[in-house]
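> quick one: sequence plus predicted model below, questions after.
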Amino acid sequence: MTSALAHEADPYILPTPTPDSSVVLPHWISPGNTHPNSRYRDSVWSLAPLIDNPGATLISIHWKNCPAPLRDEMKLVVWSLINGERRPTFLRTKGLSARRRGSAPTMMQKYCEWFRLARWLHQQGITRLADCTKDQWRAYAGERRDEGISRVHAEMVFGYFTDLWVYDQLSARPAGISCPPWEAEGIDDYLPAADGTDNAENSTEPLDPQVLGPLLIWALRFVDDFSDDILAAWVEQRRLMDVAANNTATSVSRAALKGYLLPLVNSGAPLPAARVKGRLYLARDFVAAHTGATHAQIERLVKLHNIQDLVLERPAPCPLNVPVTGEVEGSPWRDHIAFGEATTLMQHLGTAAAIVIAYLTGMRPQEVQALRSGCCPEPTTDDTTGRHLIRSHHFKNVLDDNGNHASAGEVRDVPWVAITPVVRAIRVLERMVPEGELLLSAAHHDVHRPGGKQNQGAIRRTSLNRRIESFVAWVNREAGALGLPDQAIPEDPFGAIGMSRFRRTLAWHVARRPGGLIALAIQYGHMRTVLDTRTSSGYASRSRRGLHSVLDVETALAAADTAARFRERTAAGEKISGPAARRAINAAGQAPRFEGRLVPKTFAKKATAFLARDGVVLYDNPDALLICAFKHDNALCDPDPGATAPRQYACESGCGNTVRTDTHARQLRERADEIDQLAEHAPGPIARKLHANSARLRETAATHDATAQTIEALT
């Protein structure tokens, strides 16, 4: 009676669950979610009914990880975490970002910390959560803090412990967990000392250019040059496998099998082999399809003549009857595609397409995983822009009507612009999955078990990361086999490549490699124009967030590096020339000094504000061999209205923003020497143009020498 009255009086208190109660109450499950719901009595609880993001990992709670004496009480609190809502009176004390309900991944972080606490309490001989007093809270907080976690992480973890007390109060049968002392005393004394390493929002390193260049080249080769061959080989391999699966055992098929295999066995000839998950086997499906024999007939013959061991000694490929049309450096990329090889190549083709999309759109990994067939239709006849637009879901900071995390995300208001390589990558993936299906559907990209139902949603990010590493290993073997060692993909100095690194790498290259060869310079130039003008048809998300903020960060870091190098050169005595020399000296003195590569949360806004200071931001242009002290009204590169950066790929001589140092003059002469060497081996008309170009470079260097002044003379 008491529980019923309490529940009626307080809508936030949950009823007591029964052993048959659903782990996730029905009103929290979206209509399209078909994941099975667990029961309260189960030893494993699935949180999949709360997960609608197709790229998210499905989460389960394993109760064996919670000590048995505390398990019943902890189950009730965790059930309240899954189904309850924190009271508004509590949330008002926690800031604007606090939510009544969290996402499934946030729930996982909380219950994992609660289980950790439960194991510690069990070691202390405590068997009831109510016996966790303030003394225990202080002792455990001290131990958890001293494990080396950062100040920000510690504050988050202690907040989870506060939630243990909060959610216990939402139960009709609370365990009596005490309020952690930091709620009354303040949390500062419980946290590690601030050491300046916290608040790192984006510690993801951009990929090294030496890694990204060949990686993108090979990914584009798969999409543009190899895809037709691979898809045709996959169809043929599947056809042979279907034929083999439907064979019927007869005396004729047995005789055909013996007539095919035994002469190879007895003559010492190579035997048809296929590689399955790294191991060589007799290509049973290939043999069955060509002889009409069944797998059982083949297996008996294999055992009778010890054929499997012979296959390991003398394997032979099984060419598929499909033409090879793709080329590398003007030659066919292989003589044939072998039976079994199509499986590996299909996996690499899907990986290559994902790399192209992730890098050349700037999408977050979960946004790539959410793409579906049909997301990028051909432009309509009345579309004057002629651009391919990608319409799909985004997930970061998407909330439902109650202000809680929306796992399903929402369709992005502003579509992504797809440049041609991205469109081709999407078209390849659309050939790999059914219409309307996720482009990276786990069921259809599991090529070892095509069509299987073991996996739901998109390929998980961890699997994509492993596939990228496998793709790199394949590329490096292939580059060696083709005699192209210079096109191998080196190891990145900051670790595994991973899907999460492409977004920041894109911004890094837009900011620091304008006009360069990596990742299609023309498109980069277009993107810089679009991004700086903040047009709604570009790569931007809503407002000025999304890729804009990442690009601004990288551009600001690049500008800070340019200013630092300028200061070092002038301090070492180098002279300066150019109409913007004095302004560059002033700008270098005002530029922020940024140590390290981690990006704090507050830096994005500061970066945007810094870049908006017209006339005092220095941009390095390694192609033009100068520094641009960008002032919009002086620029001859025709920047759009409101642009905060130059079109560095369209740099014009005589611009009022130009600055050069003695280093630039030396580099001008070195480049002139290189051009003259090239001209020695070029035909007459081309040689004359090259020599004229080198002469202009030397003239520019001479002008610098004649007009350059020391920093003391200019200030």
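Everything's here; your move.
> report the mean confidence score over the host helix or strand of Leu301.
Per DSSP states H and E: Leu301 is located in helix 295-305. Helix 295-305 carries an average pLDDT of 93.
> mind listing the helices for the stretch 1-150 of the chain?
2-9, 68-83, 88-91, 104-123, 134-145 (DSSP state H, counting those that start in this stretch).
> buried sites along the second one?
By that I understand helix 68-83. With burial defined by 16 or more other CB atoms under 10 Å, the residues of helix 68-83 counted as buried are 70-71, 73-83. C-beta here means a position set from N, CA and C on the backbone, and glycine is covered the same way.
> one more: the last one?
Of the residues in helix 134-145, those scored as buried under the neighbour-count criterion (16+ other CB under 10 Å) are 136-138, 140-141, 144-145.
> return the member of these nearest to Ile627.
Of all those, Ile627 sits closest to Arg145, with 47.0 Å by CB to CB.
> the closest one against Asp189, yeah?
No - the criterion here is CB atoms under 8 Å, and Arg145 misses it with Asp189 at 10.3 Å.
> picking up where we left off before, possible to save the buried residues of helix 68-83 as a markdown table with pLDDT?
As requested, the buried residues of helix 68-83 are exported to a markdown table (pLDDT from 0 to 100):
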| residue | pLDDT |
| --- | --- |
| Leu70 | 95 |
| Arg71 | 95 |
| Glu73 | 94 |
| Met74 | 95 |
| Lys75 | 95 |
| Leu76 | 95 |
| Val77 | 94 |
| Val78 | 95 |
| Trp79 | 95 |
| Ser80 | 92 |
| Leu81 | 93 |
| Ile82 | 93 |
| Asn83 | 93 |
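> want to throw those residues into CSV with distance to Ser577?
Output for those, formatted as CSV (distance: CB to CB, whole Å):
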residue, distance to Ser577
Leu70, 74
Arg71, 76
Glu73, 76
Met74, 72
Lys75, 75
Leu76, 76
Val77, 71
Val78, 69
Trp79, 73
Ser80, 71
Leu81, 66
Ile82, 68
Asn83, 70
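> who's in contact with Thr658?
578-580, 626-629 (CB atoms under 8 Å, 6 or more residues apart in numbering).
> hang on, isn't Asp168 packed against Ser178?
No - assessed by CB under 8 Å, Asp168 is found out of contact with Ser178, at 9.5 Å.
> who has more neighbours, these two?
More crowded of Asp168 and Ser178, by other CB atoms under 10 Å: Asp168, with 23 against 16.
> Ser80 versus that one, what's the distance?
7 Å (CB to CB, to the nearest Å).
> list the residues that contact both of these two?
With CB under 8 Å, 6+ apart, Asp168 and Ser80 have no common neighbours.
> can you flag the buried ones in the contacts of Thr658?
578-580, 626-629.
> show the backbone phi and psi for Arg372.
Dihedral angles phi and psi of Arg372 (degrees, to the nearest 10) take the values phi -120, psi 160.
> for it, what are its contacts?
392, 436-439 are the contacts of Arg372 under CB under 8 Å, 6+ apart.
> shaky segments in the chain?
When residues are selected by pLDDT under 70, those of the chain lie in 1-9, 89-98, 194-203, 381-385, 402-404, 448-455, 507-552, 591-605.
> quick one on the thing from earlier: point out the other helices and strands that the helix holding Leu301 packs with.
Helix 295-305 sits against helix 251-267, helix 284-291, with contacts defined as 3 or more CB pairs under 8 Å, 6 or more residues apart in numbering; DSSP states H and E.
> buried ones in the helix or strand that comes right after the first one, by neighbour count?
With elements assigned by DSSP H and E, the helix or strand that comes after helix 251-267 is strand 271-276. Counting neighbours by 16+ other CB under 10 Å, one finds that the buried residues in strand 271-276 are 271-275.
> over to stretch 292-308?
Buried residues in stretch 292-308 (16+ other CB under 10 Å): 292-294, 297-298, 301-302, 307.
> now swap in stretch 457-472 and tell me
By neighbour count on 16+ other CB under 10 Å, the buried set for stretch 457-472 is 457-461, 463-465, 467-468, 471-472.
> from the chain's centroid, how far away is it?
The chain centroid and the centroid of stretch 457-472 are separated by 10 Å, computed with CA atoms, centre = their mean, to the nearest Å.
> okay, it in PDB with CA atoms only?
Output of stretch 457-472 as PDB, limited to C-alpha atoms (Å, rounded to 0.1, in the frame of the first residue of the first chain):
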ATOM      1  CA  GLY A 457      22.800  -2.700 -38.500                       C
ATOM      2  CA  ALA A 458      26.000  -1.300 -40.000                       C
ATOM      3  CA  ILE A 459      29.500  -2.700 -39.700                       C
ATOM      4  CA  ARG A 460      30.700  -1.600 -36.200                       C
ATOM      5  CA  ARG A 461      33.400   1.000 -36.000                       C
ATOM      6  CA  THR A 462      35.900  -1.500 -34.400                       C
ATOM      7  CA  SER A 463      35.300  -3.900 -37.300                       C
ATOM      8  CA  LEU A 464      35.800  -1.100 -39.800                       C
ATOM      9  CA  ASN A 465      39.100  -0.200 -38.100                       C
ATOM     10  CA  ARG A 466      40.200  -3.800 -38.400                       C
ATOM     11  CA  ARG A 467      39.200  -3.900 -42.000                       C
ATOM     12  CA  ILE A 468      41.200  -0.700 -42.700                       C
ATOM     13  CA  GLU A 469      44.300  -2.400 -41.200                       C
ATOM     14  CA  SER A 470      43.700  -5.500 -43.300                       C
ATOM     15  CA  PHE A 471      43.300  -3.200 -46.400                       C
ATOM     16  CA  VAL A 472      46.600  -1.600 -45.700                       C
END
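> got a list of contacts for it?
Looking at what lies outside stretch 457-472 - CB under 8 Å, 6+ apart - the contacts are 53-58, 215, 218-219, 347-348, 350-352, 354-355, 365-366, 369-370, 438, 440-442, 445, 489, 496-500.
> how about stretch 46-61?
Here stretch 46-61 has contacts from 23-24, 28-30, 32-33, 35-38, 44-45, 78, 82, 103-105, 107-108, 111, 365-366, 368-370, 395, 407-409, 438, 440, 456-462, using CB under 8 Å, 6+ apart.
> report the buried members of those.
The buried subset of the contacts of stretch 46-61 - by 16+ other CB under 10 Å - is 23-24, 29, 33, 35, 37-38, 45, 78, 82, 103-105, 107-108, 111, 365-366, 368-370, 395, 407-409, 438, 440, 457-461.
> among those, which are in strands?
Trp45 (DSSP state E).
> circling back: contacts for the helix holding Leu301?
By CB under 8 Å, 6+ apart, helix 295-305 touches 244, 249, 253-254, 257-258, 261-262, 265, 282, 284, 287-288, 307-308.
> out of those residues, which is most surrounded?
Going by other CB under 10 Å, Val287 tops the contacts of helix 295-305 with 27 neighbours.
> quick one: Ser43 and Asn65 touch, right?
No - applying CB under 8 Å, one finds Ser43 not in contact with Asn65, separated by 10.5 Å.
> between those two, which is the more surrounded one?
Counted by other CB under 10 Å, Ser43 and Asn65 do not tie: Asn65 has more neighbours, with 13 against 10.
> for the nearest residue to that one once chain neighbours are set aside, give me its contacts.
Sequence neighbours aside, Phe115 is the residue nearest to Asn65 in space, at 5.3 Å (criterion: CB to CB, 6 or more residues apart in numbering). Counting by CB under 8 Å, 6+ apart, Phe115 touches 65-66, 74.
> got those residues as a markdown table, with distance to Cys376 columns?
As requested, the contacts of Phe115 are exported to a markdown table (distance: CB to CB, whole Å):
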| residue | distance to Cys376 |
| --- | --- |
| Asn65 | 43 |
| Cys66 | 46 |
| Met74 | 47 |
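> out of those, which comes closest to Glu205?
Among the contacts of Phe115, and counting by CB to CB, the member closest to Glu205 is Asn65, at 33.0 Å.
> and that closest one, how far is that from Leu117?
Distance from Asn65 to Leu117, by CB to CB: 12 Å.
> what do you get for Ser46?
23 Å.
> look at the two and report which has more neighbours.
Leu117 (23 against 19).
> could you find the closest non-adjacent residue to the more buried one?
Closest to Leu117 by CB to CB, 6+ apart is Tyr140, at 6.2 Å.
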